[in-house]
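Asker: fold the following for me, if possible:
(chains A and B)
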Amino acid sequence: MQTRVLIPTGALGLGFSQEALARGVGMAPDIICVDGGSTDSGPYYLGTATSKYSRAVCKAEWRALMLARAELGVPLVIGSCGTCGADAMVDWMMQITTELAVELGQQLKVARLYSDQPVERVKAARLRALGGLKPELRGNIVALAGVEQMQAALATGADIVLAGRMTDTAVIAAYPLLRGAHAGAAWHGGKIGECGAQCSTNPTSGVVVIDFDERGFEVQPMARGARCTPYTVSAHMLYENADPFILHEPGGYLDVRAAKYMPLDERRVRVEGAKWVKADYTVKLEGAALKGYQSIILALLRDPYYVKNAKIWLEKMHRVLRPLIDAQIGGDYALEFRLIGLDATLGALETGSATPNEAGVMGVVTADTQAAASEIAKLINPFLLHFPLSDSEAVPTFAFPFSPAHTDRGPLYEFTLNHVMPLNDPMAAFRLESGVIDAA
Amino acid sequence: MLLKDAVQLIRSKNAGPFWVTVDVFCGNPAVFETVQKSLGTKAVAAALQVPLKHMKRFDIASLHVIKFSFPRTPPQGARQDRDMHGAQYAHVLMGLEISA
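Answerer: Prediction:
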């Protein structure tokens, strides 16, 4: 049986062409699949269980997808709700869905899949490390679901599935696999479609349609003028993948080394030949935990003499500051300065040596409390404003673009897990709930 | 000549919070062959200050692409991290010399 999947965008909140969506709806897909998250924006979102994207934007885009679903009468599913896929973000999407159901007068069966992991469960598990990181079992932890959990959610007969953290590929692969698609093709197509139209010549247009069958899949973009070519499709395997041929997923891995990418016409590509290799059932964990609080302070050097000698000046000032902070404030803290215009981006990897017109000095203070970080930033303030290169020169005054000169940045979170957790039953680490919103 | 002047595009991006991947798009078979011969994994590892044994390399003739993947230190979003999405590592490769 063929399964036609409509993928409106790479992530809810990222935007898509309404015209392309309408064209996709016109193709009568069997399901609408969209991803809602990623670790790509850093640990803060999982650490706080919050969304990176604006609620208003997510709601507007979800409204368009809910209308498309109602018109088609097919399931609408989203994976990794609210960037991090934490339980609180599944509930956030549920709230948005409920508001929209009322506004649109829709009656809906909604399934919610939760991915949060209690610390006790992770502690009891035999974790397998994927790298050298020592696991820290605290803060927020989620497990990435695969296709089985999404299939269980679809089996409730849900009109809408709101899933917590899961792999981008599984959001798309779950339904075709349920309907007998070729396993290698389902996972491969899932990877090709996970960023929406990124696999086409017009990446920002968002919308693609993928047809899955018993031998392969066919992909086409929905935006006018956009094309999928064997090059754009196969090149998407490079994107954000450490290995462009092997992709590990819950319960196995995808091997695309023998995949063939064949043009069907100018804008459609057929792909066959990928293999799905079964393995022990493991799910990847993501964790983010509080690592302190930060204050930052920014000054600008415009005096060519100081720009030219910025590194020496900064080292000298840093040497004066350290004992002062230790004596007057103390406690555990980290202080780092970055010279914007010189090497703030690449640090020790920078090889360029041009002298710019100006340089920014960004001081980053990290301490155990916000109050301590703020105190240290305030101690630094007069130095960053007036510190002279030598005692024999007039006291300089640099540019502070803001008052106050420092900004309390709030908590710092870091990723704490790079591990997989084995499961005897795919549902053992996930929770499924379903209910009805009746606003009709 | 500089690698960036020989090829079509060099891009980098996180591959999860603990890895970075860099794609060198050569654009055509001739440039791919030249770059394949003259861009040593050792030189790339040295420029990125990554131990050679941690550097993965994929020469993908069908795409005229040479891809490098390596563990990210510091990990994404750690206190010392300077580039949340890892997209500036590409600039380190752009400045490498190759013999054309």
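Asker: residue A:40 is in contact with residue B:77, isn't it?
Answerer: No. Applying C-beta atoms under 8 Å as the test, residue A:40 and residue B:77 come out as separate, 10.3 Å apart. In short, each C-beta sits where N, CA and C put it, glycine included.
Asker: so for those two, which sits in the more crowded spot?
Answerer: residue B:77 (23 against 18; other C-beta atoms under 10 Å in any protein chain shown).
Asker: pLDDT score assigned to that one?
Answerer: pLDDT for residue B:77: 98.
Asker: how about it, what does it touch?
Answerer: Counting by C-beta atoms under 8 Å, 6 or more residues apart in numbering or on different chains, residue B:77 touches A:42, A:43, A:44, A:413, A:414, A:415, B:17, B:84.
Asker: near the nearest residue to the third one once chain neighbours are set aside, how many other residues are there?
Answerer: What that stands for is residue A:44. Spatial nearest neighbour of residue A:44, excluding adjacent residues (C-beta to C-beta, 6 or more residues apart in numbering or on different chains): residue A:413 at 5.2 Å. By other C-beta under 10 Å, 23 other residues sit near residue A:413.
Asker: give me the number of residues near the residue of the stretch 51-200 of chain A found nearest chain B?
Answerer: Nearest residue of the stretch 51-200 of chain A to chain B: residue A:131, at 5.4 Å (C-beta to the nearest C-beta). Residue neighbour count, defined by other C-beta under 10 Å, stands at 14 for residue A:131.
Asker: sec struct for it, please.
Answerer: coil (DSSP: H, G, I helix; E, B strand; the rest coil).
Asker: likewise residue A:421?
Answerer: strand.
Asker: dump the residue contacts of it.
Answerer: Residue A:421 neighbours (C-beta under 8 Å, 6+ apart): A:117, A:122, A:125, A:127, A:128, A:143, A:282, A:283, A:284, A:285, A:429.
Asker: next one: residue A:243
Answerer: B:56, B:58, B:69.
Asker: try residue A:316
Answerer: Residue A:316 is in contact with A:387, A:389, counting by C-beta under 8 Å, 6+ apart.
Asker: next helix or strand past the helix or strand harbouring it?
Answerer: Using DSSP states H and E, residue A:316 maps to helix A:310-328. Elements were assigned by DSSP H and E; along the chain past helix A:310-328, the next helix or strand is strand A:333-340.
Asker: for that following strand, which helices and strands make contact with it?
Answerer: Counting contacts by 3 or more C-beta pairs under 8 Å, 6 or more residues apart in numbering or on different chains; DSSP states H and E, strand A:333-340 packs against helix A:310-328, strand A:359-367, helix A:370-386.
Asker: per-residue confidence averaged over the first one?
Answerer: Computed over helix A:310-328, the mean pLDDT rounds to 97.
Asker: buried stuff in that helix?
Answerer: A:310, A:313, A:314, A:317, A:321, A:325 (16 or more other C-beta atoms under 10 Å in any protein chain shown).
Asker: what does the second one give?
Answerer: Under the neighbour-count criterion of 16+ other C-beta under 10 Å, strand A:359-367 has A:359, A:360, A:361, A:363, A:364, A:365, A:366, A:367 buried.
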